[in-house]
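Chemist: A predicted structure for the sequence below; I have some questions about it.
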Amino acid sequence: MGMTMAEKILARKAGKTRVSPGEIVMARVDCAMMDDILGPRVQIADELKRLGATIWDRQKVVVISDHYAPAANVKQAEILAFTRRWVQEVGIENYYEGQGPCHQILAEKGFSLPGTLLVGTDSHTCTAGAFGCFGTGIGSTEMLGVMVTGQIWLRVPETIRINWEGTLARGVMAKDVVLKTIGDIGHAGATYKVMEFAGSAIRQMPLDERMCLTNMAVEAGAKTGLIEPDEQVFDFLSTIGRTGYEPVYSDPDAAYSQVLSYNAGGLDPQVACPHEVDNIRSVDQVAGIKIDQAYLGSCTGGRFHDLAVAAQILKNRRVAPHTRLLVSPASRDIWLKASRAGILDVLAEAGAMILAPSCGACLGLHSGILAAGERCISATNRNFIGRMGSKESEVYLASPATVAASAVEGRIADPRHYL
Ligand SMILES: CC(C)[C@H](C(=O)O)[C@@H](O)C(=O)O
Ligand code: SF4
């Protein structure tokens, strides 16, 4: 019996030749990421001091201040100041602040490497799976253990194989693929499993799009999402000078707990309605619903490809007068690239507010909070009650294309009419 790529990575990290689902292993971590919310200031720094412990390998630790940066109030500013001081004090060189959501930064800086194990104090650490890296979110207590030992115990998850074959229609994006998948299996449909995305539609996707798929795996409860790495991944890593990793691939006779198969050509744009990610409708079922805000951004929907598609739709058009379009590029690099390509100009000319790369509006912390009774269509990954502001606001999740088309009409709209 063969192994899935998740099993192969965990076997490697546990120093074993093979592992099976259900088995508990002690795995060596390749990279440990802490963000500003659940990172050093949530006792990790204090406990390390109390234990008199040192960090197992500072080169393998990355700290990213993204949720609170730039600070919206004194409390956030204090947390950022604490985090900054701490990395200095303990000598962590991999510190990034205000450059964008951590999962995008981990990818850009080459910490999401094929065949490796990455843990982070943020649930969307699964984003790294687009690079063939087993990335998973852990709590702060668990992270304290990793800081001291460099190891973590994990139960080997079962894997669900999700095949998408064929070619997506124009105006249909990875976000639609993942919303459709989660709509079918439910928001707990992959609990503690791996979602392995495969098939010709996935292979055709740019890396930016693949990251949207793996990013949302946790929204179905998955331990991680994975995609077999290919030339696109290797080429990207070589441009940033990362070498020496060893990719893994699933064996043809690997065992899956479930196999789902889809025809990409038949997919319509999808929308997740309030207040659950699996409350899915196709766009034509909800078209016409009035919106107050449209949001393009986050570690799900603020990458270069997302902004480029939105700009195609918004070029020579205007955001509807009663609607706000907010754009937060997912990193400083994306901000610069989009700026140089003229994309930010197109968006701003259409009436968009261009914001700093940050988590801000995605989780209702700052830069775009919703008032009671307001409705937002968002390229992000969560639409829980109150996620982006008031408990009496509503969030609809959709692709960047659908968000852009909706901004033009001021109502939920089908992007295929604009492309
Ligand atoms: C704040 C943080 C713990 C959280 C997460 O883990 O995902 C956040 O990034 C989110 O998207 O809700
Ligand atoms: S989902 Fe939103 S809040 Fe969470 S890491 Fe991504 S951008 Fe930040």
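Modeler: Ah, there it is. Ligands and ions are numbered 1, 2, ... in the order given.
Chemist: helix, strand, or coil at A32?
Modeler: Under DSSP: H, G, I helix; E, B strand; the rest coil, A32 falls in the strand class.
Chemist: please name the nearest non-neighbouring residue to the residue in the stretch 51-200 of the chain that ligand 2 sits nearest to.
Modeler: Sorted by distance to ligand 2 under Cβ to the nearest ligand atom, the residues of the stretch 51-200 of the chain start with P101, at 3.7 Å. In this view, the C-beta of every residue, glycine as well, is placed from N, C-alpha and C. When the adjacent residues along the chain are set aside, P101 lies closest to C299, with 3.9 Å between them (Cβ to Cβ, 6 or more residues apart in numbering).
Chemist: so how many other residues sit close to the one you found?
Modeler: The burial metric for C299, expressed as a neighbour count using other Cβ atoms under 10 Å, is 28.
Chemist: so which bits of the stretch 251-400 of the chain are right by ligand 1?
Modeler: In this structure, the stretch 251-400 of the chain approaches ligand 1 at residues L363, judged by Cβ under 6 Å from any ligand atom.
Chemist: recalculate using a threshold of 8 Å.
Modeler: By Cβ under 8 Å from any ligand atom, the residues of the stretch 251-400 of the chain that approach ligand 1 are S298, C299, C359, C362, L363, N381, R382, R387.
Chemist: in those, find the pair that's most separated.
Modeler: When these are compared pair by pair using Cβ to Cβ, the two farthest from each other are C299 and R387, 14.5 Å apart.
Chemist: can you redo the residues of the stretch 251-400 of the chain next to ligand 1 as TSV with pLDDT, secondary structure and distance to ligand 2?
Modeler: Formatted as TSV, the entries for those read as follows, by pLDDT from 0 to 100; DSSP: H, G, I helix; E, B strand; the rest coil; distance: Cβ to the nearest ligand atom, whole Å:
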residue	pLDDT	secondary structure	distance to ligand 2
S298	98	helix	4
C299	98	helix	3
C359	97	coil	3
C362	98	helix	3
L363	97	helix	4
N381	98	coil	5
R382	98	coil	7
R387	98	coil	9
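Chemist: just the residues you listed now: which is nearest ligand 1?
Modeler: The shortest distance between ligand 1 and any of those, using Cβ to the nearest ligand atom, involves L363 and amounts to 4.9 Å.
Chemist: that closest one contacts H67, correct?
Modeler: Yes: applying Cβ atoms under 8 Å as the test, L363 and H67 come out as touching, 7.0 Å apart.
Chemist: these two: who's more crowded?
Modeler: Residue environment comparison for L363 versus H67 gives the larger neighbour count to H67, 23 against 18, counting by other Cβ under 10 Å.
Chemist: identify the residue nearest the more buried one in space, chain neighbours excluded?
Modeler: Excluding its sequence neighbours, the residue lying closest to H67 (Cβ to Cβ, 6+ apart) is C359, at 4.2 Å.
Chemist: the one you found: how many residues sit nearby?
Modeler: Per other Cβ under 10 Å, the neighbour tally for C359 reads 28.
Chemist: quick one: distance of stretch 38-48 to the chain centre.
Modeler: Here the centre of stretch 38-48 is set off from its chain's centre by 24 Å, with Cα atoms, centre = their mean, to the nearest Å.
Chemist: briefly note if it comes near ligand 2.
Modeler: No: no part of stretch 38-48 sits near ligand 2 under the criterion Cβ under 8 Å from any ligand atom; the closest distance found is 10.7 Å.
Chemist: buried ones in that stretch?
Modeler: Judged by neighbour count (16 or more other Cβ atoms under 10 Å), stretch 38-48 contains these buried residues: L38, G39, P40, R41, V42, I44, A45, L48.
Chemist: same question, stretch 171-185
Modeler: Buried residues in stretch 171-185, counting neighbours by 16+ other Cβ under 10 Å, are found at 171-183, 185.
Chemist: kindly report the same for stretch 111-131.
Modeler: Of the residues in stretch 111-131, 111-131 count as buried by neighbour count, 16+ other Cβ under 10 Å.
Chemist: quick one: mean pLDDT over that stretch.
Modeler: For stretch 111-131, the mean per-residue pLDDT is 98.
Chemist: now the helices: where do they sit in the stretch 51-200 of the chain?
Modeler: Along the stretch 51-200 of the chain, counting by DSSP state H, counting those that start in this stretch, helices occupy 74-90, 102-108, 140-149, 174-185, 200-203.
Chemist: just checking, what packs against the last one?
Modeler: What that stands for is helix 200-203. The elements that helix 200-203 packs onto, with contact taken as 3 or more Cβ pairs under 8 Å, 6 or more residues apart in numbering; DSSP states H and E, are strand 159-165.
Chemist: now do the strand it packs on: everything it contacts.
Modeler: Taking Cβ atoms under 8 Å, 6 or more residues apart in numbering as the criterion, the residues outside strand 159-165 that touch it are 4, 6-7, 21, 177, 181, 185, 190, 193-202, 222, 226, 250, 254, 256-264.
Chemist: now with 6 Å, please.
Modeler: 4, 6, 177, 181, 190, 193-202, 256-262, 264 (Cβ atoms under 6 Å, 6 or more residues apart in numbering).
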